[in-house]
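Q: using only what follows, build the 3D model:
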Amino acid sequence: MARSTKGHSERPIQLKPETVASMMRNQIGDLDVRAMTTAQPAYSQSFDQFPGEPHKWGYSFDINTLPGPNGRSAGSISWAGLLNISGSTRSGR
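A: This is a model prediction of the structure:
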């Protein structure tokens, strides 16, 4: 279960495992994610994690559909936010 103590409440916010799983499931069907081109070059860079490879999108993350060239698992997720400080996790681990 994912937990966060941030927010307006003193009590942790808890997400059910099925909620987290839905965030990591393809939500765009047959569409593929394209390179993310920055709208603010002074603040962020364009981003394409694995150019030429198909990607999907969950509710919150870019999803690799194939294993990455450097050991990233198929089904792993990543996020590149402002300034493209990216974080990632592997599904099922």
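Q: only C-alpha atoms for contact and neighbour calcs from this point on.
A: OK.
Q: tell me the spacing between the closest residue to residue 31 other than its chain neighbours and residue 12.
A: Counting by CA to CA, 6 or more residues apart in numbering, residue 31 lies nearest to residue 56, which is 7.3 Å off, once chain neighbours are set aside. Residue 56 is 30 Å from residue 12, where distance means CA to CA, to the nearest Å.
Q: and the gap between the residue nearest to residue 31 and residue 27?
A: Counting by CA to CA - residue 56 and residue 27 are separated by 8 Å.
Q: compare neighbour counts for the two and give me the winner.
A: Counted by other CA atoms under 10 Å, residue 56 and residue 27 do not tie: residue 56 has more neighbours, with 22 against 14.
Q: backbone dihedrals for the more buried one, please?
A: phi -120, psi 180 (degrees, to the nearest 10).
Q: and it, what are its bridge partners?
A: residue 63 (DSSP bridges).
Q: okay but it is in contact with residue 34, surely?
A: No. In this structure, residue 56 is not within contact of residue 34 by CA atoms under 8 Å, at 9.2 Å.
Q: ok but residue 22 is inside a strand, no?
A: No. Counting by DSSP: H, G, I helix; E, B strand; the rest coil, residue 22 falls outside a strand, being helix.
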